[in-house]
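In: Any chance you could fold what I've pasted below:
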Amino acid sequence: MKFVLLVEGDTEKKVLAALFKRWIDPRLAQPVGVKVVKCEGWPELIKESPKKARMHLEDEDVIAVFAILDLYGPTIYPNGVRNVSERYKWAKSHLEGKVGDTRFHQHFAVHETEAWLFSNLNLFPGPIKTALPAGVEKPEEINFDEPPSKLLEKLYKEKNRPPIQEAC
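Out: All right, here's what the predicted structure looks like:
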């Protein structure tokens with residue numbers, strides 16, 4: 001038995017399976033697999049998720065398919081849909097409706113999956129960790145002006161470190 005995760009980029013492809021397995025396996029009678037399917041950015045994920053989800057759901061070993069999308073970045077939202085709550089409600093309904101199967105679930109990273117890395121600051125090398133601003137451990141409060149990936153990209157460049165995608 002396994003779950004399939006449709007993701008939009010390299011960071012998600014490299015870190016999410018292990019992150020989810022660490023969380024879910026202790027809660028289950030027996031471990032399940034997690035297969036990560038990377039799309040090339042949010043436009044491809046949005047365009048291809050209905051077809052890819054239905055294809056994976058035909059496999060009897062697949063329990064469910066989850067698509068994970070950053071709320072920051074996509075330009076799919078109608079005018080007037082601006083804040084986190086509005087974006088979440090509209091996009092979840094819209095994207096799940098395109099698949100039309102109760103085993104497909106659209107989830108979001110507020111604001112980006114990279115924010116989840118802030119839940120364990122020990123993931124970062126010393127110079128990056130000490131340069132992180134106060135409050136990053138509450139990524140849901142970060143605004144859309146400097147999302148986590150942009151903050152990390154800036155810090156890694158300033159500290160002459162390999163980008164976060166290579167560090168994970």
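
In: Where in this structure is the helix or strand with the lowest mean pLDDT?
Out: The weakest-scoring helix or strand in the chain, judged by mean pLDDT, DSSP states H and E, is helix 164-167 (a mean of 46).

In: what residue is smack in the middle of this structure?
Out: Central residue of the chain (CA atoms, centre = their mean): residue 113, 3.8 Å from the mean position.

In: Contact partners for that residue?
Out: Listed by CB atoms under 8 Å, 6 or more residues apart in numbering, the contact set of residue 113 reads 7, 9, 11, 12, 15, 16, 68, 70. C-beta: built from backbone N, CA, C; applies to glycine.

In: is it true that the second one touches residue 37?
Out: No. No contact is recorded between residue 9 and residue 37 when judged using CB atoms under 8 Å, the distance being 11.9 Å.

In: Counting residues, what is the longest strand that the protein contains?
Out: For the chain, the longest strand by residue count, based on DSSP state E, is strand 62-70.

In: Return the list of helices and strands in contact with it.
Out: For strand 62-70, the contact count by 3 or more CB pairs under 8 Å, 6 or more residues apart in numbering; DSSP states H and E identifies strand 2-7, helix 42-57, helix 84-99, strand 104-109 as packing neighbours.

In: Pick the most deeply packed of these.
Out: Of all the helices and strands packed on strand 62-70, strand 2-7 has the most neighbours on average by mean count of other CB atoms under 10 Å, namely a mean of 22.

In: Direction included, what does that strand pair up with?
Out: Strands that pair with strand 2-7, judged by DSSP bridges, come out as strand 33-38 (parallel), strand 62-70 (parallel).

In: Alpha carbons of the helix or strand hosting residue 157, as CSV, please.
Out: For residue 157, the host element (DSSP states H and E) is helix 148-158. C-alpha atoms of helix 148-158 as CSV (Å, rounded to 0.1, in the frame of the first residue of the first chain):
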residue,chain,number,x,y,z
PRO,A,148,10.7,31.1,2.7
SER,A,149,12.4,30.0,-0.6
LYS,A,150,13.5,33.5,-1.4
LEU,A,151,14.8,34.1,2.2
LEU,A,152,16.8,30.8,2.1
GLU,A,153,18.1,31.6,-1.4
LYS,A,154,19.3,35.0,-0.2
LEU,A,155,20.9,33.6,2.9
TYR,A,156,22.7,30.8,1.1
LYS,A,157,24.1,33.2,-1.5
GLU,A,158,25.2,35.6,1.3
